[in-house]
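Engineer: Please find the sequence and the predicted model below.
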Amino acid sequence: MTFQEIKEQDGQYILRTYGRVDVALVKGKNARAWDADGKEYVDFTSGIGVNALGYADPEWAAAVAGQAGEIQHLCNYYYTPQDTALAAALCTAAGMGQAFFCNSGAEANECAFKVARKYGEKRGASTILTLTDSFHGRTLATLAATGQEVFHKDFQPLNPGFLHVPGNDLEAVAQKLDGSICAVMVESVQGEGGVVPMDGTYLQKLYALCKEKDVLFMLDEVQTGVGRTGYFYSYQQWGITPDVVTTAKGLGGGLPIGACMVAEPLRDILKPGQQGSTFGGNPVVCAGARVVVERVSKPAFLEEVKEKGEYFCQKLQELPQVEAVRGRGLMLGIRLKKGDAHDVLVKCAQRGLLVLTAKDLVRLLPPLTITREDIDEGLAIFAGVLAEL
Ligand SMILES: *Cc1c(COP(=O)(O)O)cnc(C)c1O
């Protein structure tokens with residue numbers, strides 16, 4: 001099909017929930033992709049931080065294809081070596097106790113909320129505190145948790161039991177911890193909220209405050225996790241172990257998987273029948289995710305992510321049209337002195353570079369395996385687009 005045919009069929013049969021850009025990718029290799037008409041792109045998006053190892057990584061693709069040819073699914077009444085092996089590798093790398101596997105970030109957060117409610121149940125604490133400008137998903141509970149009005153509009157009434165406080169403000173949290181709160185959930189860098197990093201000291205103090213008040217400290221690492229910030233999970237740089245960690249996007253290397261991990265003291269908090277997922281722990285997805293976890297959790301791999309992130313920052317800050325660059329590792333937000341971020345995204349795509357936006361920033365989430373050559377080529381296109389604003 002040509003691009004025009006794809007676009008027409010999409011408009012006819014796909015519910016228009018996305019503001020799509022005129023690109024249809026049909027093939028990729030690491031940070032390079034090709035569209036339906038054969039045009040080449042440099043990819044600074046990796047989906048939205050999903051293709052951690054880039055497009056069509058050979059080792060990942062072989063693990064997935066190999067598993068599909070053995071057994072593709074079995075119900076969760078039976079044991080699966082692929083999901084147990086993944087859970088062992090993931091929990092070990094994360095310093096967590098146990099994992100529940102599901103299929104997306106929102107589902108991972110739903111599970112975290114159930115853990116939190118169960119934890120607070122005995123003393124009647126059921127409210128979950130999240131931050132202004134947070135993003136936790138689009139299901140009804142995660143929508144209520146999301147601290148952005150724009151997502152709530154048209155979907156009232158929201159699920160009760162969620163309160164929002166400003167980020168990087170410990171006092172705002174302290175004022176709310178009155179015994180009705182069972183958990184606090186935060187992103188260490190708010191992704192959809194505009195690539196807003198939370199200070200390390202704020203997170204450490206928040207963690208200590210939660211411990212003191214017997215409130216669960218839950219980190220939504222759906223976007224920041226699996227190497228994105230230069231650490232396997234971002235909290236590992238601050239010496240804290242959250243009670244609950246949720247992870248998804250990069251974990252499957254491009255296939256749908258989410259996980260809610262609980263720390264050792266919460267072992268077995270949910271009992272048989274209290275949580276489940278038909279597809280959760282699917283062996284094909286888990287086989288791919290294991291390749292991702294094994295590769296990304298290696299210190300040398302994470303060191304390279306940090307170096308590439310610093311290189312990006314330095315090169316971007318040299319561009320005269322760039323006002324500020326923020327983020328951590330390969331999760332970057334670029335504030336421009338002038339011009340509209342979405343307009344920049346469209347112009348970049350026309351010239352063969354894929355970027356994202358977050359609020360009014362240009363956002364970059366390149367594959368963790370991107371090469372220096374691809375970074376340089378993509379940045380040259382980006383500089384060209386900015387120069388014409
Ligand atoms: C993307 C995202 C989610 C939602 O993940 P889905 O897989 O789209 O459900 C939740 N939290 C954060 C921080 C995210 O970036």
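Structural biologist: Nice, thanks for sending it over. Numbers count the residues shown, from 1 in each chain.

Engineer: use CA for all of it now, contacts and neighbours both
Structural biologist: Noted.

Engineer: Next, the residue nearest the centre of the chain: phi, psi?
Structural biologist: The geometric centre of the chain, computed from its C-alpha atoms, lies nearest to Gln223 (CA atoms, centre = their mean), at 1.7 Å. With angles defined as degrees, to the nearest 10, Gln223 sits at phi -100, psi -40.

Engineer: Enumerate every residue touching the closest residue to it other than its chain neighbours.
Structural biologist: Counting by CA to CA, 6 or more residues apart in numbering, Lys249 is the residue found nearest to Gln223 once chain neighbours are left out, at 6.0 Å. Contact analysis of Lys249 by CA atoms under 8 Å, 6 or more residues apart in numbering lists 48-50, 104-105, 222-223, 256-258.

Engineer: How about the residues of this protein by the ligand?
Structural biologist: Neighbours of the ligand within the chain, by CA under 6 Å from any ligand atom: 104-106, 135-137, 187, 191, 220, 222-223.

Engineer: Please narrow the residues you listed to those residing in strands.
Structural biologist: Members of the residues of the chain next to the ligand lying in strands (criterion: DSSP state E): Asp220.

Engineer: Let me know the closest of the residues of the chain next to the ligand to Thr241.
Structural biologist: Asp220 (12.7 Å; CA to CA).

Engineer: what's in contact with stretch 103-121?
Structural biologist: 101-102, 125-128, 136-139, 141-142, 181-183, 216, 218, 220, 222, 244-249, 256-260, 269-270, 275, 279-280.

Engineer: one more time with 6 Å
Structural biologist: Applying CA atoms under 6 Å, 6 or more residues apart in numbering, the contact partners of stretch 103-121 are 126, 137, 182-183, 222, 246, 248, 256-260.

Engineer: Same question for stretch 308-321.
Structural biologist: 329-330, 336-337.

Engineer: Recalculate using a threshold of 8 Å.
Structural biologist: If you take CA under 8 Å, 6+ apart as the criterion, stretch 308-321 is touched by 322-325, 328-332, 336-338, 372, 375, 379, 383, 386-387.

Engineer: rewinding a little: could the contacts of Lys249 be laid out in a markdown table, adding pLDDT?
Structural biologist: Below are these laid out as a markdown table (pLDDT from 0 to 100):
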| residue | pLDDT |
| --- | --- |
| Ile48 | 98 |
| Gly49 | 98 |
| Val50 | 98 |
| Ser104 | 98 |
| Gly105 | 98 |
| Val222 | 98 |
| Gln223 | 98 |
| Pro256 | 98 |
| Ile257 | 98 |
| Gly258 | 98 |
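
Engineer: most surrounded residue in these?
Structural biologist: Val222 (31 neighbours; other CA atoms under 10 Å).

Engineer: Surely that one touches Ala248?
Structural biologist: Yes. Using CA atoms under 8 Å, Val222 is in contact with Ala248, at 4.8 Å.

Engineer: picking up where we left off before, which ones among the contacts of Lys249 lie within helices?
Structural biologist: Secondary structure defined by DSSP state H assigns 48-49, 105 of those to helices.

Engineer: In JSON lines: those, plus distance to Gln314.
Structural biologist: As requested, these are exported to JSON lines (distance: CA to CA, whole Å):
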{"residue": "Ile48", "distance to Gln314": "23"}
{"residue": "Gly49", "distance to Gln314": "21"}
{"residue": "Gly105", "distance to Gln314": "31"}
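
Engineer: Just name the closest of these to the ligand, please.
Structural biologist: Within the ones in helices among the contacts of Lys249, the smallest distance to the ligand is 3.3 Å, found for Gly105 (CA to the nearest ligand atom).

Engineer: Without its sequence neighbours, what residue ends up closest to the closest one?
Structural biologist: With CA to CA, 6+ apart as the criterion, Gly105 has its nearest non-adjacent residue at 4.9 Å, and that residue is Ala248.

Engineer: so how far is Lys347 from that neighbour?
Structural biologist: According to CA to CA, to the nearest Å, Ala248 and Lys347 sit 30 Å apart.

Engineer: higher neighbour count, the two?
Structural biologist: Shown here are Ala248 and Lys347; by other CA under 10 Å, Ala248 has more neighbours (31 against 21).

Engineer: And the pLDDT for the more buried one?
Structural biologist: For Ala248, the model assigns a pLDDT of 98.

Engineer: so who does it touch?
Structural biologist: 103-105, 108, 221-223, 225, 256-259.

Engineer: switch to 7 Å and redo it
Structural biologist: Residues near Ala248 by CA atoms under 7 Å, 6 or more residues apart in numbering: 104-105, 222, 257-259.

Engineer: and what of Val195?
Structural biologist: Contact partners of Val195, counting by CA under 7 Å, 6+ apart, are 189, 326-327, 332-333, 358.

Engineer: out of those residues, who's nearest the ligand?
Structural biologist: Val189 (8.2 Å).

Engineer: any idea where the strands of the stretch 201-350 of the chain begin and end?
Structural biologist: All strands of the stretch 201-350 of the chain, identified by DSSP state E, counting those that start in this stretch, fall at 216-220, 244-247, 258-262, 322-328, 331-336.

Engineer: Which among those is found nearest to Asp37?
Structural biologist: Asp37 lies closest to strand 331-336 among these, at 29.7 Å (CA to CA).

Engineer: quick one: the closest one to strand 322-328, angle?
Structural biologist: 170 degrees (axes from the mean of the first three to the mean of the last three CA atoms, to 10 degrees).

Engineer: elements contacting strand 331-336?
Structural biologist: Secondary-structure packing of strand 331-336 (3 or more CA pairs under 7 Å, 6 or more residues apart in numbering; DSSP states H and E): strand 322-328, strand 361-364.

Engineer: Pick the most deeply packed of the ones you listed.
Structural biologist: Of all the helices and strands packed on strand 331-336, strand 361-364 carries the top mean neighbour count, a mean of 25, counting by mean count of other CA atoms under 10 Å.
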